[in-house]
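In: give me coordinates for this.
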Amino acid sequence: MSTLAIAQVNLVRLLRDRTALFFIFLLPVVLIVVLGTVYGGRTAPRLGVVSAGSGALGADLVKALAGGHMRLEIRDFASEADLRSSVERGTLELGLVIPPGYDATLRGGGDARVTVLAQPGRVLALEQGVGSAVAAESAIVGAARLAQARTGARFDDALAAARAAAAGVAGVQVSVEDSGKRIFPTDIGMFSLGAQSQLILFMFLTSMTAATQLILTRQLGVSRRMLSTPTSIATILFGEMLGRFGVAMIQGLFIVLLSAFVFGVDWGDPFAAGVLIVMFALVGTGAAMVVGAFANNPDQAGTFGVFVGMALGALGGAMVPIEVFGEPMRTIAHVTPHAWAIEGFRTLVFDRGGIVEVAPQLGVLGAMALCLLAVATVKLRRQIVGG
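Out: Below is the predicted model of the structure:
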């Protein structure tokens, strides 16, 4: 009961800190959304279209883009100004403006001008694809005009005949085949990468910031006063360790549950994922206790803890996916527990592995946790008993 009481005090202190609540509950969600947008892989590029007043041929052009070989998410805009603003902000990959009177101009034999909006150099292939679709529609309209001029048929009849003829014309068959293994599987959700990396980053950071409470307890003499009671040194040390562990688990469970229920993130095998989270929480606990044991004051512990947490997170692939690292950085990253934990989650989610497949990662994390906890326990014991 004394152990649980010590752990409870640590948790209450942390949850009363408004700054800590921001880092535990709000900031991870924001970063999961950001990383999901950047690295999650959208289901299709986004094309904004302004086509008000463009008539039936304008609608046919939009339909051709939507039903063509390119996978596009088409969004309608009311004005060119709104469309241009969205392209400039990067919320759209491309914009297409079909002018009013497009239909009437083409039917009357004139040349209609469509405008493509894009940021320079960002989506050249997509821009070329849209241009090809526009050219194909122009060819069909041109064929309809020629048929109308030669036969005197109605334009709509000539257009229908041109579309039917175009559909029967043999084209070039392009087959795309993946060679090797994709960096990111296509069937994972767009928030999966962000959720995995932020789980690891913030579990470790939150543990490190909780090290300041350990120093305050030592400076105020709380630990020594507890030792003067029937409470043993082992109980005190285990209670402090349990407090750090509880902080890390609160952070981890919040991110896992929120991402699963709100963003639909798949964490793979539940048992294996749970063991991996517990093991990484023990690593964070050990690191926090080492900082709390060796730092001289709370400010030093807070500054050093955040710096180490951010540095290890960046090196271990918790800020940028480790898959985009080249060698030797990808190998060097495995000096951090973050890289091993992320590798474990990749195995569970990408490769549909289980507890056996992540056994190597669990073994490395367990060894790291054991070493850190042993060092911290020896140092804290000397400080409490000898102080």
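In: quick one: the strands in this structure?
Out: 46-50, 73-76, 94-97, 115-117 (DSSP state E).
In: the ones you listed: which one's closest to residue 140?
Out: strand 94-97 (17.5 Å; Cβ to Cβ). For glycine as for every other residue, the C-beta is placed from the backbone atoms N, C-alpha and C.
In: indicate each strand paired with that closest one and its parallel or antiparallel sense.
Out: Sheet pairing for strand 94-97, assigned by DSSP bridges, gives strand 46-50 (parallel), strand 115-117 (antiparallel).
In: quick one: contacts of the longest one?
Out: What it means is strand 46-50. 62, 65, 72-80, 83, 86-87, 91-98, 117, 126, 130 (Cβ atoms under 8 Å, 6 or more residues apart in numbering).
In: could you give the mean pLDDT of that strand?
Out: For strand 46-50, the mean per-residue pLDDT is 87.
In: which one of the strands paired with strand 94-97 lies closest to residue 277?
Out: So among those, strand 46-50 is nearest, using Cβ to Cβ, at 34.6 Å.
In: and the strands paired with strand 94-97 as CSV, adding distance to residue 203 and mean neighbour count?
Out: Putting the strands paired with strand 94-97 into CSV (distance: least, Cβ to Cβ, whole Å; neighbours: other Cβ atoms under 10 Å) gives the following:
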stretch, distance to residue 203, mean neighbour count
strand 46-50, 33, 23
strand 115-117, 42, 15
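In: how does this structure divide into domains?
Out: As recorded under automatic domain parsing, the domains making up the chain are 2-39+189-386, 46-163.
In: tell me which of these sits most buried.
Out: Highest mean neighbour count among the domains of the chain (mean count of other Cβ atoms under 10 Å): domain 2-39+189-386, with a mean of 19.
In: so who does residue 319 touch?
Out: 197, 201, 313.
In: from those residues, which is closest to residue 102?
Out: Checking the contacts of residue 319 one by one against residue 102 (Cβ to Cβ), the nearest turns out to be residue 197, at 46.1 Å.
In: nearest spatial neighbour of that closest one, skipping sequence neighbours?
Out: residue 318 (4.6 Å; Cβ to Cβ, 6 or more residues apart in numbering).
In: same check, this time on residue 295
Out: Using Cβ to Cβ, 6+ apart and skipping residues adjacent in sequence, the residue nearest residue 295 is residue 301, 3.7 Å away.
In: right, and that neighbour touches residue 215 too?
Out: Yes. Contact criterion Cβ atoms under 8 Å: residue 301 and residue 215 qualify, at 5.4 Å.
In: so what sits opposite residue 116 in the bridge?
Out: Beta-bridge partners, per DSSP bridges, of residue 116: residue 96.
In: dump the residue contacts of it.
Out: Residue 116 neighbours (Cβ under 8 Å, 6+ apart): 94-97, 127, 130-131.
In: for those, which one is nearest residue 148?
Out: residue 131 (25.7 Å).
In: do you know the pLDDT at that closest one?
Out: Residue 131 is assigned a predicted lDDT (pLDDT) of 78.
In: what sits closest to it if chain neighbours are left out?
Out: residue 116 is the one closest to residue 131 (Cβ to Cβ, 6+ apart), at 6.9 Å.
In: re earlier: contact partners for the residue nearest to residue 197?
Out: Contacts of residue 318 (Cβ under 8 Å, 6+ apart): 197-198, 200-201, 204, 312, 338, 342.
In: just these: which are in helices?
Out: If you go by DSSP state H, those have 197-198, 200-201, 204, 312, 338, 342 in helices.
In: which pair of those spans the longest distance?
Out: Going by Cβ to Cβ, the pair spanning those furthest: 198 and 312, at 14.3 Å.
In: I'd assumed residue 111 was in contact with residue 105.
Out: Yes. Contact criterion Cβ under 8 Å: residue 105 and residue 111 qualify, at 7.2 Å.
In: where along the stretch 1-150 of the chain do the helices fall?
Out: In the stretch 1-150 of the chain, the segments counted as helices under DSSP state H, counting those that start in this stretch are 2-15, 18-21, 27-39, 55-66, 80-89, 102-107, 124-151.
In: sorry, wrong one. I was asking about the stretch 251-387 of the chain.
Out: 270-294, 298-315, 329-332, 337-349, 359-386.
In: redo those as a markdown table? Include mean pLDDT and distance to residue 58.
Out: Shown next, in a markdown table, are the helices of the stretch 251-387 of the chain (pLDDT from 0 to 100; distance: least, Cβ to Cβ, whole Å):
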| stretch | mean pLDDT | distance to residue 58 |
| --- | --- | --- |
| helix 270-294 | 92 | 50 |
| helix 298-315 | 86 | 49 |
| helix 329-332 | 90 | 49 |
| helix 337-349 | 94 | 43 |
| helix 359-386 | 89 | 55 |
